[in-house]
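Visitor: Predicted model and sequence follow; I will ask about them next.
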Amino acid sequence: MAWKTVEGAFSLGDLIVFFTAFYRVQAFLGKFVLGITNLYDSNLFIGNLFQLLDLKPTVRSADGAEGIPMEMDELQLENVSFKYPGSAREALRNVSLTVKPEQHVAIVGQHERHARGH
């Protein structure tokens, strides 16, 4: 297109319109691909979220453990382990902690599927 403009087949205005249109199409395609990628990532997250929401509790109390009182001074967890369904590896092993009222605690880690290759 640039060579044809030099030869006089196209005007400078035609060249500018062509490159502007080309740039806009390229930007649109880039955003489109990014949008598709974001949809895929969101789909993975939503799938994991629904799997989590579908989990049924499998908490086992130790022999002689008392029920949880409605008002308590603290929550103590001793030797708590957790394994994702279908996983052979424990995500948590023998975790012990104490949580006082008004404290907020989160334990965050990677699911085995996301940890592979890292």
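Guide: Structure's in. What do you need?
Visitor: mind giving me the domain split of the chain?
Guide: Domain assignment for the chain, taken from automatic domain parsing, gives 2-54, 59-118.
Visitor: now this structure, which segments are flagged as low pLDDT?
Guide: 59-62, 67-70, 109-118 (pLDDT under 70).
Visitor: which residues in it form strands?
Guide: Counting by DSSP state E, residue ranges of the strands within the chain are 75-82, 92-99.
Visitor: contacting residues around residue 23?
Guide: By C-beta atoms under 8 Å, 6 or more residues apart in numbering, no residues touch residue 23. The way it works is simple: take the backbone N, C-alpha and C, and place the C-beta from them, glycine included.
Visitor: which residue is nearest the centroid of the protein?
Guide: Central residue of the chain (C-alpha atoms, centre = their mean): residue 45, 5.3 Å from the mean position.
Visitor: hmm, back to that, same list (the strands of the chain) but as TSV, adding mean neighbour count and distance to residue 11.
Guide: Formatted as TSV, the strands of the chain follow (neighbours: other C-beta atoms under 10 Å; distance: least, C-beta to C-beta, whole Å):
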stretch	mean neighbour count	distance to residue 11
strand 75-82	11	69
strand 92-99	12	69
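Visitor: export the ones you listed to TSV and tack on distance to residue 14?
Guide: Shown next, in TSV, are the strands of the chain (distance: least, C-beta to C-beta, whole Å):
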stretch	distance to residue 14
strand 75-82	65
strand 92-99	66
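Visitor: nearest to residue 55, of those strands?
Guide: Among those, strand 75-82 comes nearest to residue 55, with 10.9 Å by C-beta to C-beta.
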